[in-house]
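Colleague: quick one, structure for this:
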Amino acid sequence: MIFPHAISMKPLAECRLYTFVDMAYLQGRAPEVVAQQLCDGGSDLIQLRAKQSSPEEIRRMAEKVLPITQQAGVGLVINDYPDIARDIGAELCHLGQEDFFEAGFRHVDEIKIKNPGFKIGLSSHSPEQAQRAVKAGADYIAVGPVYATGTKPGRAPVTLEYVRWAAANVTVPWFAIGGINLKNLDDVLTAGATRICVVSAILNASDVAKACREFRLHLDKGGK
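Modeller: Predicted coordinates for the structure are as follows:
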């Protein structure tokens with residue numbers, strides 16, 4: 001679905017700030033309101049993540065968020081549900097390794113079969129998983145969690161060592177994720193990241209748009 005006044009999203013290679021409408025952090029705020037704040041703050045991509053919601057609830061949320069992101073030229077990523085993403089016209093879907101490979105997929109073209117312009121991102125927590133994801137045709141990969149994070153409880157941090165490895169070896173756009181905040185962002189960028197995902201450091205801020213702008217400014221000033 002393309003809405004009036006929609007603006008095409010940037011190419012993935014030019015996307016640097018990847019933010020989230022994560023229902024676990026919204027504390028009663030409407031997803032579409034937070035999405036607007038993230039757009040106003042300079043996000044390039046916004047993922048809708050609602051681990052405790054039904055597919056029907058996620059579809060309804062996505063249908064409210066999509067016109068906001070499209071009017072801002074921001075790519076909407078649906079977490080876990082490629083069918084919902086395709087059906088509503090979202091530009092991207094993100095899947096974990098288990099949701100992709102353990103579901104029997106071997107290449108992203110198996111999901112893109114009806115929509116070759118649709119983009120798929122895959123998570124990775126090790127060099128082996130990154131290589132597997134790239135071989136499977138992922139349009140981008142997430143590299144993390146760099147630091148311990150409540151978003152992924154129980155998942156050991158991959159540390160900056162994996163970020164350095166990704167900077168030297170990953171050939172598709174990749175985003176460092178996990179516990180990234182304004183205090184450690186310089187370390188992540190120094191390790192070689194040029195794109196980041198931020199969840200709690202933005203969604204827990206008193207002013208979401210302002211927090212987003214601070215990350216954006218830092219990325220534009222400090223990264224390549």
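Colleague: which strands and helices lie in contact with the longest helix along the chain?
Modeller: Counting residues, the longest helix in the chain under DSSP state H turns out to be helix 55-72. With contacts taken as 3 or more Cβ pairs under 8 Å, 6 or more residues apart in numbering; DSSP states H and E, helix 55-72 sits against helix 31-40, strand 45-49, strand 75-79, helix 82-88. Any C-beta I mention is one placed from the backbone N, CA and C, and that applies to glycine too.
Colleague: change it to 10 Å
Modeller: On a contact count with 3 or more Cβ pairs under 10 Å, 6 or more residues apart in numbering; DSSP states H and E, helix 55-72 meets strand 17-22, helix 31-40, strand 45-49, strand 75-79, helix 82-88.
Colleague: so what's S53 up against?
Modeller: By Cβ atoms under 10 Å, 6 or more residues apart in numbering, S53 lies in contact with M23, R59, R60, M61.
Colleague: max pairwise distance over the residues you listed: which two?
Modeller: Comparing every pair within the contacts of S53 by Cβ to Cβ identifies M23 and R59 as the most remote, at 13.7 Å.
Colleague: show me where pLDDT drops low in the protein?
Modeller: Residue ranges of the chain with pLDDT under 70: 1-4, 151-152, 222-224.
Colleague: ranges for the strands of it?
Modeller: All strands of the chain, identified by DSSP state E, fall at 17-22, 45-49, 75-79, 92-95, 119-124, 140-143, 174-176, 196-198.
Colleague: can you tell which of those strands is closest to A209?
Modeller: Closest among the strands of the chain, using Cβ to Cβ: strand 17-22, at 10.6 Å.
Colleague: direction included, what does the closest one pair against?
Modeller: strand 45-49 (parallel), strand 196-198 (parallel) (DSSP bridges).
Colleague: tabulate those in TSV, adding columns for mean neighbour count and distance to I120.
Modeller: Output for the strands paired with strand 17-22, formatted as TSV (neighbours: other Cβ atoms under 10 Å; distance: least, Cβ to Cβ, whole Å):
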stretch	mean neighbour count	distance to I120
strand 45-49	25	13
strand 196-198	25	16
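Colleague: from what I can see A136 touches K112, true?
Modeller: No. Under the criterion of Cβ atoms under 10 Å, A136 makes no contact with K112, lying 11.6 Å away.
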